[in-house]
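Engineer: I'd like to go over a predicted model; first the sequence, then the structure.
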Amino acid sequence: MNPNKLELLSLAQLTDPALVEHVAERVFGTADRTRGWFARKLSREVIDNDLSFVIADTQGTSTHSACEDPETWAGLVLMGAPPSLEDTARCSSLGVIHRLHGRGVGERLMEAASARACRAGLRHLTALVEPALVAYYRRLGFRSSRTLRTMLGFGRATSEASSAGDRLADNGNNGNNGNNGNHTAGTADHNDPTRWSDGTVLPRPSQAAEAWTPADFGDQEEVCAWLPEAWEGTPASAKWTLRGPDWFAHTSREGQSRLVHRFCLEHHADRDARLTDAIEQLLDRIAVAQPVLMFGCDGATSQHLGARAWVPAQTCTEMRLDL
């Protein structure tokens, strides 16, 4: 395969953009991905078919045929323009099959996507980059912004009440397992799954996850967050909101894990103490031993969680390119 004779095709040109899943799995591997993972990614990360490309080997075939045949595709760049980012495009994925590494194919894909984003009136491009690829993105003109981590903890509630949200999600509903705001951090009462051991009553789970609104408290800190569009694009059967007296978390089921899309805390003079309490309450609402992933934690939040037995599951550098 001659990299100089590869042809760039936008996803809008393809007969079926969903077929890009095939090249994505050749580039990134299948791992333990759940069925439908790629369609979910396209939806939640607001991938724009006009801003995204595959690169194809069209030698001996027509462009039209290449648009129908994922076996000819050798790399991809997936780009979106989430409204919440205003004038900024977001690179969700950039990858090339292994035998073409180091031959300028990734650069061609990124240049095509960047040029298309610029023509669309976008002014910036952002990407979350693994540590090993930071130098590569810098060569493409990106500059580092900040380090973000996905932190891993584990649920510890052992009562039937603690997993009510999980069961509702499995049944096509959504649970709100928060208590009435009086419980700080304790264990559930196994003899009465509607109450905590201190007597606090757990309300019946709600039937709908809450919307991602700009501010749920009068004065709140967004401790960590993904994209509002990712929350909105998550199937209703897989998401629900947990609440405490001065915090809330938008969470979803991701395989066997619980992902925290957004964690917000009402401002307090003693922020660290209140954050500790809130995190303890969060874990008390999630089934024992279930992995809990807190996405998008900055350095201070990561350090705070690390001191409480959370560990980094993934580290990325947020990088930015001015168009």
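Structural biologist: Here it is on my side, so go on.
Engineer: what is the mean pLDDT for the longest helix belonging to the chain?
Structural biologist: Determined from DSSP state H, the single longest helix within the chain is helix 105-119. Helix 105-119 shows a mean pLDDT of 97.
Engineer: try stretch 153-168
Structural biologist: Across stretch 153-168, the per-residue pLDDT values average to 63.
Engineer: residue contacts, residue 97?
Structural biologist: Residue 97 is in contact with 23, 26, 27, 74, 75, counting by CB atoms under 8 Å, 6 or more residues apart in numbering. To be clear about C-beta, it is placed using only N, CA and C from the backbone, and glycine gets the same treatment.
Engineer: between these, which is closest to residue 242?
Structural biologist: Checking the contacts of residue 97 against residue 242 by CB to CB gives residue 27 as the nearest, at 35.4 Å.
Engineer: how about the CA coordinates for stretch 234-247, as CSV?
Structural biologist: The C-alpha trace of stretch 234-247 is given here as CSV (Å, rounded to 0.1, in the frame of the first residue of the first chain):
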residue,chain,number,x,y,z
THR,A,234,-26.7,8.2,26.4
PRO,A,235,-29.6,5.8,26.2
ALA,A,236,-32.3,6.6,28.8
SER,A,237,-32.1,2.9,30.0
ALA,A,238,-28.5,3.3,31.0
LYS,A,239,-28.3,6.6,32.9
TRP,A,240,-29.6,8.2,36.1
THR,A,241,-28.8,11.0,38.5
LEU,A,242,-27.6,10.6,42.1
ARG,A,243,-28.1,13.4,44.6
GLY,A,244,-27.0,14.4,48.1
PRO,A,245,-27.7,17.5,50.1
ASP,A,246,-25.2,19.7,48.4
TRP,A,247,-24.0,17.6,45.4
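Engineer: Around the residue nearest to residue 19 when sequence neighbours are not counted, count how many other residues there are.
Structural biologist: Nearest residue to residue 19, sequence neighbours excluded (CB to CB, 6 or more residues apart in numbering): residue 70, at 4.5 Å. Residue 70 has 20 neighbours, counted by other CB atoms under 10 Å.
Engineer: picking that back up, from the contacts of residue 97, which land in helices?
Structural biologist: Among the contacts of residue 97, the members found in helices (DSSP H) are 23, 26, 27.
Engineer: among the residues you listed, who's most crowded?
Structural biologist: Going by other CB under 10 Å, residue 23 tops the ones in helices among the contacts of residue 97 with 22 neighbours.
Engineer: okay, now the closest residue in space to residue 309 that isn't next to it in sequence: neighbour count?
Structural biologist: Leaving aside its sequence neighbours, residue 309 sits nearest to residue 153 (CB to CB, 6+ apart; 7.1 Å). Neighbour count of residue 153, defined by other CB under 10 Å: 22.
Engineer: Does residue 153 belong to a helix, a strand or coil?
Structural biologist: The assignment at residue 153 comes out as strand when based on DSSP: H, G, I helix; E, B strand; the rest coil.
Engineer: and what of residue 240?
Structural biologist: Once three-state DSSP is applied, residue 240 turns out strand.
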